[in-house]
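Pasting a predicted model and its sequence here:
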Amino acid sequence: MSNKDLMMTSDRGFEAQKPAPSLVIPLVMYDNVDYIKWLGTAESKVWHKMYRHVVRGRMTTKLNIKLHKDYYKKGILTMHKDLQNIADFLGLKSKGYISEVIKSMETKGILKIHEDVWYRRQIKVYELGTHDGSINRYETLHLFNYFVKMKAEKDLANLID
């Protein structure tokens, strides 16, 4: 950890880290059996790696600056990462499997794919949720909405039967 990652709180030295974004899982999700089962799947691994790279603030790369301006400032949580990087992280040789997993998550509504242009090159930007734009930046993730909706539909079906 470098000194840039720390905040000076007194003349004696560095005492605290900068706050880092963290995933806040709503308590209701701990009662959702489908969500708990999903946590061990390939989808879960890919989604969590993608969530790690959500652009939330101004960054040093020009692409992330664009994502911040075009999406985050409008309340959309997005990321762009080469799928081969995600495949390498998960120990896979090919990004083809990652593409299949992402397509599955898109079909379910866990994420949305936006086509964008970056220096005349077509890129995919992955939307994982939204934020409210307030000072606290409360996030609403499509992942949690999907599992809450699934549980509600199952509970309703059980009431009808």
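Looks like it arrived, so ask away. Residues are numbered from 1 along each chain as shown.

Relative to N145, how far out is K154?
15 Å (C-beta to C-beta, to the nearest Å). Quick note: C-beta positions are derived from backbone N, CA and C, even for glycine.

Run through who's touching the helix of greatest length in the chain.
In the chain, assigned by DSSP state H, the helix with the most residues is helix 142-160. Helix 142-160 is touched from outside by 25-26, 28-29, 32, 34-35, 38, 47, 108-112, 127-129, with contacts defined as C-beta atoms under 8 Å, 6 or more residues apart in numbering.

In strands, which of those residues appear?
K112, E127, L128, G129 (DSSP state E).

Could you pull up the residues touching the residue nearest to the second one when sequence neighbours are not counted?
Same thing as E127. What sits nearest to E127 in space, not counting adjacent residues and going by C-beta to C-beta, 6 or more residues apart in numbering, is K112, at 4.1 Å. Applying C-beta under 8 Å, 6+ apart to K112 gives the contacts E106, Y126, E127, H142.

what bits of this structure have low per-residue confidence?
Scanning the chain for pLDDT under 70 picks out 1-21, 58, 137.

host element of the most centrally placed residue in the chain?
Closest residue to the average C-alpha location of the chain: Y51 at 2.6 Å, with C-alpha atoms, centre = their mean. Secondary structure assignment for Y51, by DSSP states H and E: helix 42-52.

Which SSE is immediately downstream of that helix?
helix 62-70.

mind listing what's buried in that following helix?
By 16 or more other C-beta atoms under 10 Å, the buried positions in helix 62-70 come out as N64, K66, L67, H68.

Restrict the very next helix or strand once past it to CA atoms and write it as CSV.
Counting by DSSP H and E, the next helix or strand C-terminal to helix 62-70 is strand 76-79. Only the C-alpha atoms of strand 76-79 are listed here, as CSV (Å, rounded to 0.1, in the frame of the first residue of the first chain):
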residue,chain,number,x,y,z
ILE,A,76,-25.9,3.9,-14.1
LEU,A,77,-23.3,1.5,-12.7
THR,A,78,-21.2,0.2,-15.5
MET,A,79,-17.9,-1.5,-16.2
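
What helices and strands are in contact with strand 76-79?
strand 121-131 (3 or more C-beta pairs under 8 Å, 6 or more residues apart in numbering; DSSP states H and E).

what's the strand it packs on in contact with?
47, 50-51, 54, 63, 67, 71-72, 75-81, 102, 111-117, 137-143.

what pairs with that strand, and is each one parallel or antiparallel?
strand 76-79 (antiparallel), strand 112-118 (antiparallel), strand 139-141 (antiparallel) (DSSP bridges).
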